[in-house]
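**Q** My questions are about this predicted structure, shown below with the sequence.
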Amino acid sequence: MEFSFKVLIIEDNIDIQESLKRALSRLGCKVTAVDTSENAFEELKNTTFDAIFAELCLKGESSRSIARWVKTNSPQTKFFVITSWKGLLNLEILNKDGIHAIIHKPLIFSEIRDKLLEFLG
């Protein structure tokens with residue numbers, strides 16, 4: 001199964017960034033990866049993405065803040081938060097910010113694939 005989605009990864013941990021990049025590339029996605037919210041905004045201003053995978057806790061702007069910007073400026077883009085947080089996250093509140101789903105670490109290939117299928121078909 002191959003997708004032809006343009007995906008942006010916003011993750012400052014290079015190991016996690018590379019792992020996610022490999023998984024998405026394996027699915028046929030065209031992947032751009034950045035390590036800061038500032039670099040993410042530069043990419044977002046110049047390119048339209050089908051999906052964004054962003055670390056929950058970023059330096060600079062929060063992933064929720066980026067999701068709100070995306071929701072306003074690129075509403076067709078699906079936004080996924082990546083986190084190792086095991087506590088409760090209220091998806092209903094996150095949805096209001098434009099976040100479609102949460103993907104937990106450690107990253108599991110089938111979960112990434114299933115989220116793309118669920119939200120992008």
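**A** Looks like it arrived, so ask away.
**Q** C-terminal to the helix or strand of the chain with the lowest mean pLDDT, what's the next element?
**A** One helix or strand of the chain scores below all others by mean pLDDT, DSSP states H and E: helix 91-96, with a mean of 86. Next along the chain after helix 91-96, taking DSSP states H and E as the criterion, comes strand 101-104.
**Q** Report all helices and strands that that next one contacts.
**A** Contact here means 3 or more Cβ pairs under 8 Å, 6 or more residues apart in numbering; DSSP states H and E; on that basis strand 101-104 packs against strand 78-83, helix 91-96, helix 109-120. (Each C-beta comes from the backbone N, C-alpha and C, glycine too.)
**Q** comparing the ones you listed, which gets the lowest mean pLDDT score?
**A** When these are ranked by mean pLDDT, helix 91-96 comes last with a mean of 86.
**Q** So what's the gap between that one and the chain middle?
**A** The chain centroid and the centroid of helix 91-96 are separated by 15 Å under Cα atoms, centre = their mean, to the nearest Å.
**Q** Also stretch 99-119?
**A** Centre to centre, stretch against its chain (Cα atoms, centre = their mean), the figure for stretch 99-119 is 9 Å.
**Q** Please spell out which residues along the least confident helix or strand of the chain are buried.
**A** Of all the residues in helix 91-96, those buried under the rule 16 or more other Cβ atoms under 10 Å are L94.
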